[in-house]
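# how would this look folded up:
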Amino acid sequence: MDAAVSARAEVLRAQIAHHDRLYYELDAPEIPDAEYDRLFRELQALEAEHPELATPDSPTRRVGGRPLDSFAPVRHVVAMLSIRTETDTEASGALNFDARVRRELGLGALADDAPPVEYAAELKFDGLAINLRYEHGVLVQAATRGDGETGEDVTQNVRTIRDVPLRLTPLPAKGQDRGQPSLFDAPGLPEVLEVRGEVYMRRDDFDAYNERAITAGEKTLVNPRNGAAGSIRQLDPAIAAKRPLSFYAYGLGEVRGWDLPATHAGVLDALVAFGLPVSEHRAVCTGGEALAAFHARIAEARPSLPFDIDGVVYKVNSLALQAKMGFVTREPRWAVAHKYPAQEALTTVQDIEVQVGRTGKLTPVARLAPVFVGGVTVTNATLHNESEIRRKDVHVGDTVVIRRAGDVIPEVVSVLSDRRPADARAFSMPSHCPVCGSDVVREEGEVDHRCTGGLYCSAQRKQAVLHFAQRRAMDVEGLGDRLVEQLVDSGLIRTLPDLYRLGVLKLAELDRMAEKSAENLVASLEKSKRTTLGRFMFALGIRHVGEATAKDLARHLGSMDRIMDASVEELAQVPDVGPVVAASIHTFFAQPHNREVVEQLRACGIEWEEGEAQVASGPLVGRTVVLTGTLPTLSRDQAKDLLEAAGAKVTSAVSKKTDFVVAGTDAGSKLTKAQELGINILDESGLMSMLEKKEP
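Residues are numbered from 1 along each chain as shown. Got it, this is the predicted structure:
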């Protein structure tokens with residue numbers, strides 16, 4: 001290939017990237033659309049004639065590749081954690097957060113000798129969280145948040161977003177001219193830079209898209225947030241490329257080969273210098289009063305913003321102080337999302353229907369005349385339970401005030417009883433399940449009504465199967481909502497053991513289920529048969545029994561038979577299992593059909609180590625352990641299960657109380673801190689030796 005051709009392609013890529021930035025980020029185009037199109041077509045022609053020129057960061061890659069069969073899972077090196085929500089939506093919520101931070105840092109009340117804390121304040125976008133992975137400045141992967149640990153690979157779709165640079169701009173060296181002196185000590189491009197941000201849809205883009213869709217007789221988008229999330233999860237990137245999506249960066253994931261700035265605000269400035277879009281609506285605020293002023297300022301500007309937000313985010317600005325404060329559960333102590341008061345609207349109740357949940361709970365739902373509230377068209381609102389309906393005096397036909405509580409769950413706030421029509425109808429809870437016809441009961445002391453059909457109720461079966469198959473339970477890959485719905489509706493699954501009786505031929509007959517997909521699902525089911533007692537207990541979906549409670553039951557009772565035969569008094573002896581939970585577990589196993597399900601699952605080949613919970617003499621009783629990095633053969637969950645089964649307490653942060661750290665590749669800051677504190681560090685083989693009661 002002629003060197004001149006290669007050079008011309010490089011020039012075209014640079015020119016197009018330059019004009020993309022001017023047009024999409026700075027709103028300051030230099031050339032007419034026709035000239036831009038000419039440059040783009042020339043590059044397309046060169047790459048078509050010389051395919052080796054089509055680099056991963058070429059602008060032509062934005063038009064989308066071939067459709068995908070499914071999204072591949074992506075394990076986040078640095079977990080995408082959620083942020084605590086400040087429930088006080090008034091300005092005092094900012095002061096509450098500042099007070100908590102000061103207590104965490106040991107600063108006490110604000111005084112002359114205790115200076116105020118500096119914060120970075122930003123918008124809380126209402127879109128879809130995304131992790132962009134750049135290697136040596138080139139976008140190589142984009143993934144959704146997922147469950148925080150594992151997301152989905154949506155690289156092809158994210159490439160279609162014009163706001164997302166396919167190649168980063170290197171940071172200038174100090175003194176290098178880029179219009180102003182460099183603010184950064186580490187010029188160039190990091191080896192790895194994971195950028196966290198939000199994919200969203202501007203309201204004007206949303207409206208224009210729907211207008212075009214109506215004209216073309218196509219399906220419209222419901223709201224900007226769903227439009228953004230749904231576009232990113234399109235299996236055909238050509239469809240995603242037609243959706244008007246935008247992106248804002250707000251943080252980092254894994255970083256290698258770059259010395260971070262000292263502050264979060266400095267990180268955002270660096271992201272801008274790399275060529276990434278960062279919202280201009282951000283500020284560095286000193287003290288709680290300044291945060292409250294930012295909250296009020298954005299609240300006033302909120303209606304005029306071109307996109308939807310549901311609050312603002314405060315972060316301790318100093319990265320060193322962030323590290324000092326650490327995390328609680330899966331949330332950073334140094335950040336909070338401060339919501340705005342929920343928005344309200346008037347509409348009418350057209351009907352009240354009853355939904356049946358996984359545990360058999362009956363929830364009345366108001367079917368509403370469509371109303372736009374909080375940035376979303378609302379057609380349904382929860383009424384919680386019969387007592388709540390009576391308290392609010394909701395009738396079918398009433399005019400009601402609707403609120404999106406927390407800007408997420410629509411609910412009926414109140415009734416305008418003076419507008420009640422003469423034919424309005426009162427509601428009463430049905431005596432039989434609307435799905436399976438079983439009796440409906442209301443337990444003593446409870447406000448909720450429940451279906452007694454258990455696993456025989458198809459509404460409960462679908463959710464029971466999904467719960468059973470989830471990653472933290474039996475971990476059956478490929479068993480999603482649509483497939484479970486088909487399996488239950490077709491009669492292939494009537495109870496949980498039917499899952500393990502599925503064959504490739506039967507599965508392949510289902511809609512959108514190819515033979516290869518069927519083979520993969522059967523293989524995943526087979527793999528799931530080897531589990532732990534704690535996971536199996538959680539998978540059964542017993543009311544009030546979460547993941548931690550299931551592990552406690554396994555740890556302290558040690559065998560399935562002992563758990564099933566335990567009295568309420570014996571169950572209540574398990575730590576954190578009170579009388580309500582104990583009664584729920586006992587009631588569950590008092591039902592013959594539930595015991596039969598357990599026995600049939602055992603007969604299908606599901607197994608675990610009985611006695612795994614007898615940890616009184618286990619090798620790691622009373623030891624605190626931290627996992628970090630990627631282990632050669634064990635997943636993070638597998639390693640955690642082994643450690644907890646041996647009596648260890650697995651925590652997320654390294655401290656002086658940590659007994660040892662198990663480190664794999666790309667271990668990061670936790671390994672560094674362990675080394676600084678002189679904490680014992682093991683690799684996977686050392687861990688296995690310790691679990692086998694050998695010296696590591």
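
# Run through the stretch 451-600 of the chain and note the low-pLDDT ranges.
For the stretch 451-600 of the chain, applying pLDDT under 70 flags the ranges 454-456.

# can you give me the helices in it?
For the stretch 451-600 of the chain, helices defined by DSSP state H, counting those that start in this stretch occupy the ranges 458-469, 481-489, 504-508, 515-528, 533-539, 547-557, 560-565, 568-572, 579-590, 592-603.

# got the ones you listed as TSV, with distance to residue 120 and mean neighbour count columns?
To be clear about C-beta, it is placed using only N, CA and C from the backbone, and glycine gets the same treatment. Listed next are the helices of the stretch 451-600 of the chain as TSV, based on distance: least, C-beta to C-beta, whole Å; neighbours: other C-beta atoms under 10 Å:
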stretch	distance to residue 120	mean neighbour count
helix 458-469	39	22
helix 481-489	38	16
helix 504-508	50	15
helix 515-528	43	16
helix 533-539	38	24
helix 547-557	33	21
helix 560-565	49	16
helix 568-572	47	16
helix 579-590	41	17
helix 592-603	50	15
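
# So for residue 160, which of the ones you listed sits nearest?
Residue 160 sits nearest to helix 481-489 of all the helices of the stretch 451-600 of the chain, at 24.6 Å, using C-beta to C-beta.

# now the helices of the stretch 451-600 of the chain in a markdown table, with distance to residue 172?
Shown next, in a markdown table, are the helices of the stretch 451-600 of the chain (distance: least, C-beta to C-beta, whole Å):
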| stretch | distance to residue 172 |
| --- | --- |
| helix 458-469 | 51 |
| helix 481-489 | 49 |
| helix 504-508 | 57 |
| helix 515-528 | 49 |
| helix 533-539 | 52 |
| helix 547-557 | 49 |
| helix 560-565 | 64 |
| helix 568-572 | 65 |
| helix 579-590 | 60 |
| helix 592-603 | 62 |
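
# So for residue 268, which of the ones you listed sits nearest?
Evaluated over the helices of the stretch 451-600 of the chain, closeness to residue 268 peaks at helix 547-557, with 35.5 Å, by C-beta to C-beta.

# ok now the closest one, how far from the chain's centre?
Distance, stretch centre to chain centre, for helix 547-557: 26 Å (C-alpha atoms, centre = their mean, to the nearest Å).

# what packs against it?
helix 533-539, helix 560-565, helix 636-645 (3 or more C-beta pairs under 8 Å, 6 or more residues apart in numbering; DSSP states H and E).

# what's next to that helix, contact-wise?
472, 532-535, 537-538, 545, 563, 566, 570-571, 573-577, 581, 585, 612-613, 615, 644-645, 647 (C-beta atoms under 8 Å, 6 or more residues apart in numbering).

# circling back to that earlier point, which one of the helices and strands packed on helix 547-557 lies closest to residue 204?
Taking C-beta to C-beta, helix 636-645 is the member of the helices and strands packed on helix 547-557 nearest to residue 204, at 42.6 Å.

# State the next helix or strand along the chain beyond the closest one.
On the C-terminal side of helix 636-645, the closest following helix or strand by DSSP states H and E is strand 649-651.

# The next helix or strand after that following strand - contacts with which helices or strands?
The helix or strand immediately downstream of strand 649-651 is strand 660-663, counting by DSSP H and E. In terms of contacts (3+ C-beta pairs under 8 Å, 6+ apart), strand 660-663 is packed against strand 624-628, helix 669-677, strand 680-682, helix 684-691.

# returning to what we had before: a markdown table for the helices and strands packed on helix 547-557, including distance to residue 387?
Formatted as a markdown table, those follow (distance: least, C-beta to C-beta, whole Å):
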| stretch | distance to residue 387 |
| --- | --- |
| helix 533-539 | 30 |
| helix 560-565 | 33 |
| helix 636-645 | 39 |
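
# quick one: which of those is nearest residue 458?
helix 533-539 (19.1 Å).

# From the chain's centroid, how far away is that closest one?
With C-alpha atoms, centre = their mean as the basis, helix 533-539 stands 23 Å off its chain's centre.

# picking that back up, out of the helices of the stretch 451-600 of the chain, which is closest to residue 391?
Using C-beta to C-beta, the helices of the stretch 451-600 of the chain put helix 579-590 closest to residue 391, at 23.4 Å.

# ok, residues contacting the closest one?
By C-beta under 8 Å, 6+ apart, helix 579-590 touches 540, 542-545, 549, 553, 563-569, 571-572, 574, 577, 594-595.

# repeat that with 7 Å
Contacts to helix 579-590, defined as C-beta atoms under 7 Å, 6 or more residues apart in numbering, come from residues 542-545, 549, 564, 567-568, 571-572, 594-595.

# And stretch 11-19, by the same measure?
With contact meaning C-beta under 7 Å, 6+ apart, stretch 11-19 is reached by 29-31, 36, 39-40, 42-43, 58-59, 167.

# Turn the residues you listed into TSV, columns for neighbour count and pLDDT.
Below are the contacts of stretch 11-19 laid out as TSV (neighbours: other C-beta atoms under 10 Å; pLDDT from 0 to 100):
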residue	neighbour count	pLDDT
29	14	63
30	10	69
31	15	72
36	17	73
39	17	84
40	19	79
42	15	87
43	23	87
58	21	79
59	22	77
167	21	92
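
# Between those, which sits nearest residue 364?
residue 59 (52.4 Å).

# Please, which helix or strand holds the residue lying closest to the closest one once chain neighbours are set aside?
Leaving aside its sequence neighbours, residue 59 sits nearest to residue 16 (C-beta to C-beta, 6 or more residues apart in numbering; 4.5 Å). Element membership for residue 16 (DSSP H and E) is helix 3-20.

# quick one: low-confidence ranges for the stretch 301-450 of the chain?
Low-confidence segments of the stretch 301-450 of the chain (pLDDT under 70): 329, 342-343, 374-375, 405-408, 444.

# Could you pull out the helices in it for me?
Assigned by DSSP H, counting those that start in this stretch, the helices in the stretch 301-450 of the chain fall at 319-325, 386-392.

# Over to the stretch 51-200 of the chain?
Going by DSSP H, counting those that start in this stretch, the stretch 51-200 of the chain shows helices at 92-104, 155-158.

# can you put the ones you listed in a markdown table and add mean neighbour count, distance to residue 414 and mean pLDDT?
A markdown table is the format used below for these (neighbours: other C-beta atoms under 10 Å; distance: least, C-beta to C-beta, whole Å; pLDDT from 0 to 100):
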| stretch | mean neighbour count | distance to residue 414 | mean pLDDT |
| --- | --- | --- | --- |
| helix 92-104 | 19 | 24 | 91 |
| helix 155-158 | 24 | 42 | 91 |
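
# Give me the subset of the contacts of stretch 11-19 lying in helices.
Secondary structure defined by DSSP state H assigns 36, 39-40, 42-43 of the contacts of stretch 11-19 to helices.

# Go through those residues and say which is closest to residue 510.
Among these, residue 40 lies closest to residue 510 (C-beta to C-beta), at 42.4 Å.

# mind listing the strands for the stretch 201-350 of the chain?
Using DSSP state E, counting those that start in this stretch, the strands found in the stretch 201-350 of the chain span residues 246-256, 283-286, 309-316, 327-328, 331-332, 335-339, 344-356.
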